[in-house]
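> Whatever this is, show me its structure:
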Amino acid sequence: MAADSPPDAGRASVVYLRLRAFAELAVTEQARLRDQLAAALAAGIAPWPDDGRVVLEAPDGAAIVGLGNPELALDAAHRALAAMRDESLAVGVHLGPIKVQRLQNADAIVVGDGVDTAATVAGFAGGGQALFSSAFREALAAQAPGPARELVPAGQFVDGRLRAHDLFLHDADSAWAGRRRRTVFGLVGIAGILGLGLATRQVLKRLDAARKPAVIQLDIKPWGEVHVDGQLKGVAPPLNRLWIKPGPHTIEVKHPRYKALVLQVDLQPGEELEVKHSFAAPAKKPGLLDRLRFWR
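Sure, this is the predicted structure:
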């Protein structure tokens, strides 16, 4: 499956690389993790020939879609984890159907359960850990029975759509092996639609743009408590700038003597929003003496 001419449909191994809590990190820490993700991707694609895999961008990392023996995907997962210098990376591996949809502008997107499920599996993985789906383990057993026997049960996990997933760990993760089965609720399923990347550098460039935090500039007089989605972020001044993840938010600026300023915003990656507000006492209603003076 060459990057510039993938098949329209088929089954493939998907190795989903997820950066944990990426959006909540400081900008300098995000930059460091992006560099490490590039190294992890380079290590992960090494087992496959160039015409046997493609790299996809993803909202929280990247994914490798590869053809051939599933043992290549097992190797790729461990190579990617080894390339990271800390536990910021979680990996999910699945084998399932994918389809390339070609758009009118000649671009293409990859959709299908293969990508969607790999992302869900990665969402259950802990830091520095790889989890494997039962479908992947079955496919691996058919091609490489020895490595398949090294995948031990990690438990049953339930996603936000109430779908159960029997997941497995490689024997290298033996600290997790043998623990009682557990059920985890609340993981929101993703659409399973990812943009087709042509090279690691292009993937990371688009990932960088998509994950860039929004900036809120604050000019509050005389002062006010700044809340974002109900959480106190500080008092402005001295607070004059906030970095928050893109998306819809409720911004409130409160002062004990005045009516609060409430804003509903939907911020784009990298967008800068200026919030200027001066708290002032409401205009005084004219009293009886004022009205008498008016009619004199």
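
> For this structure, just list every one of the helices.
27-45, 71-83, 113-124, 134-143, 145-149, 200-211, 288-295 (DSSP state H).

> Out of those, which one sits most buried?
helix 113-124 (a mean of 25; mean count of other CB atoms under 10 Å). Where you see a C-beta, it was placed from the backbone N, CA and C, and this is true even at glycine.

> What mean pLDDT does it get?
Helix 113-124 shows a mean pLDDT of 90.

> angle of it against helix 71-83?
Using axes from the mean of the first three to the mean of the last three CA atoms, to 10 degrees, the direction of helix 113-124 lies 30 degrees away from that of helix 71-83.

> for helix 113-124, packing partners?
strand 9-19, strand 61-66, strand 89-102, strand 129-133, strand 164-170 (3 or more CB pairs under 8 Å, 6 or more residues apart in numbering; DSSP states H and E).

> now that helix, how far from the centre of its chain.
On the basis of CA atoms, centre = their mean, to the nearest Å, helix 113-124 sits 12 Å off its chain's mean C-alpha point.

> residue ranges of the strands in the stretch 151-296 of the chain, please?
151-158, 164-170, 194-197, 214-221, 224-228, 231-236, 241-244, 247-255, 258-267, 272-278 (DSSP state E, counting those that start in this stretch).

> Turn these into CSV, including mean neighbour count and distance to residue 50.
Shown next, in CSV, are the strands of the stretch 151-296 of the chain (neighbours: other CB atoms under 10 Å; distance: least, CB to CB, whole Å):
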stretch, mean neighbour count, distance to residue 50
strand 151-158, 19, 28
strand 164-170, 20, 26
strand 194-197, 22, 14
strand 214-221, 18, 37
strand 224-228, 19, 45
strand 231-236, 14, 47
strand 241-244, 15, 38
strand 247-255, 16, 36
strand 258-267, 13, 38
strand 272-278, 13, 40
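
> Residue 250 touches residue 261, doesn't it?
No. Between residue 250 and residue 261 there is no contact under CB atoms under 8 Å: 11.2 Å.

> I'd like to know how far residue 140 sits from residue 150.
Distance of residue 140 to residue 150, given as CB to CB, to the nearest Å: 10 Å.

> per-residue pLDDT, residue 244?
83.

> Just grab the bridge partners of it for me.
residue 214 (DSSP bridges).

> List the contacts of it.
213, 214, 216, 228, 267 (CB atoms under 8 Å, 6 or more residues apart in numbering).

> taking the mean pLDDT, what do you get for stretch 151-170?
For stretch 151-170, the mean confidence score works out to 85.

> Need the distance between the two termini of it.
Chord length of stretch 151-170, first to last residue, is 4 Å (CA to CA, to the nearest Å).

> Mutual contacts of residue 250 and residue 261, please.
Joint contacts of residue 250 and residue 261 (CB under 8 Å, 6+ apart) do not exist.

> Show me the protein divided up by domain.
9-211, 214-278 (automatic domain parsing).

> In contact with the residue nearest to residue 36 when sequence neighbours are not counted, which residues?
Residue nearest to residue 36 in three dimensions, not counting chain neighbours: residue 84, with 5.3 Å by CB to CB, 6 or more residues apart in numbering. Counting by CB under 8 Å, 6+ apart, residue 84 touches 36, 39, 40, 128.

> and the closest residue to residue 261 other than its chain neighbours, how far is that from residue 234?
Excluding the flanking residues, the one nearest residue 261 by CB to CB, 6+ apart is residue 253, at 4.3 Å. From residue 253 across to residue 234, the span is 11 Å (CB to CB).
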